[in-house]
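# Got a predicted structure here, sequence first:
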Amino acid sequence: MKHFSLSFGTFLFGIVLSLNLLAQNEVDALRYSQIIPGGSSRFTSTGGAFGGIGGNISVAGTNPAGLSIFKSSSMDFTPAFGFNTVNNTFGDTKFSDFKGGLQINNLGFVFAAKTGNESGWKSTALAFNYTRNNSYGQNFYVEGVNNSNSITNYFAALGKGKHIGELDDYAEGLAYSAYLIDPDTNSTTSYHSIYDHYGESQQFSVARRGNLGEYQLSYAANYNDHLYLGGTFGVQSVNYKETTSITEKDISDTIWNFNSMQYDTYLHTTGSGINLKLGLIYRPLDWLKIGFAIHTPTLLELTDNYSSSLESHFDTARYSQSLKSSDY
């Protein structure tokens, strides 16, 4: 379960700073480096303690030496119900959103075999396992009246220092083409909002989907029931989708010539990466086990598919526009 609490002030347009993603940045680094402990129900209920004990398929992702504890083959399947609640405030108004659903937390097979030796290498284990490391499902929504500013101010700030031909076609370039920002009269690289007043109604929604999972191929061996060695080759898979929508409406007819606008963004990130995990468990006494494992970093290669669109509506019909960027 994940629970988030977000607070929104009247400066709603500033939130877009973290959502307007055209390349990997610190937001992506945080998202894909956060690993939520997954695995079988026994493994998660003990906080991953099987990494030092063994005998559970989920140790493939922590200390694969524990797989050699198995004396017979085994299969593990762990479904789960994941849910995410987000509480938001806009001014004095509170909002709550919920996203939940069934998912596969763990699915794997261990093929264990005894060598028949009375001493030395007594048994081996080969395992294939899938573990969900993170789930990205999340919804949130806020709305309210903004008497201080607009997303058009954000677009104008993005354009500062750029000539018209240099404006980004995914953000401020769309706003300029939709007649939502204009160049300042004394500068060709500074812009301002076309709003002559504020007090517009704003709605902001975000929908996120996807997961980070790892496929693990492991091998382990047991030496004299005292030394257990193992290794795991892991392949991580990333699938993340995010859509955002910001709408502004002049519901009180206080902004000259302006009726409404809607700015939408879409991000789809896919990728994969590899890592290696090596481990050992040493049992000097029947009641004592000492575990050790080393993990390499995961080398991820990610591909973003990003696009945005903007619609504007004015009393003067010829200014109204419906624009869409190309896919990035």
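Yep, it's here.

# any chance you could map the strands in this protein?
Remark: strands assigned in the chain by DSSP state E are 2-5, 74-90, 93-114, 121-135, 138-146, 181-183, 191-193, 200-223, 227-249, 258-285, 288-295, 299-314, 321-324.

# Quickly list what the residue nearest to residue 227 when sequence neighbours are not counted is bridged to.
For residue 227, ignoring the flanking residues on the chain, the nearest one in space by Cβ to Cβ, 6 or more residues apart in numbering is residue 282 at 5.7 Å. Placement of C-beta: from N, CA and C, glycine included. On the basis of DSSP bridges, residue 282 is bridged to residue 227, residue 290.

# For residue 271, give me its contacts.
Going by Cβ atoms under 8 Å, 6 or more residues apart in numbering, residue 271 touches 237-238, 300-303.

# would JSON lines of those with neighbour count, pLDDT and distance to residue 40 be doable?
Formatted as JSON lines, the contacts of residue 271 follow (neighbours: other Cβ atoms under 10 Å; pLDDT from 0 to 100; distance: Cβ to Cβ, whole Å):
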{"residue": "237", "neighbour count": "16", "pLDDT": "97", "distance to residue 40": "19"}
{"residue": "238", "neighbour count": "23", "pLDDT": "96", "distance to residue 40": "23"}
{"residue": "300", "neighbour count": "19", "pLDDT": "90", "distance to residue 40": "25"}
{"residue": "301", "neighbour count": "10", "pLDDT": "92", "distance to residue 40": "29"}
{"residue": "302", "neighbour count": "15", "pLDDT": "92", "distance to residue 40": "28"}
{"residue": "303", "neighbour count": "11", "pLDDT": "93", "distance to residue 40": "32"}
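
# Most widely separated two among the residues you listed?
Within the contacts of residue 271, two members stand farthest from each other by Cβ to Cβ: 237 and 303, at 12.5 Å.

# quick one on the thing from earlier: for residue 229, see how far away the residue nearest to residue 227 is.
Counting by Cβ to Cβ, to the nearest Å, the separation of residue 282 from residue 229 is 10 Å.

# With neighbour numbers in mind, choose between the two.
Per other Cβ atoms under 10 Å, whichever of residue 282 and residue 229 has more neighbours is residue 229, with 19 against 15.

# Let me see the contact set for the more buried one.
So residue 229 contacts 65, 68, 220-221, 223, 279-280 (Cβ under 8 Å, 6+ apart).

# now these: which count as buried?
Buried residues within these, counting neighbours by 16 or more other Cβ atoms under 10 Å: 65, 68, 220-221, 223, 279-280.

# Residue 124 and residue 227, how far apart?
Taking Cβ to Cβ, one finds residue 124 at 13 Å from residue 227.
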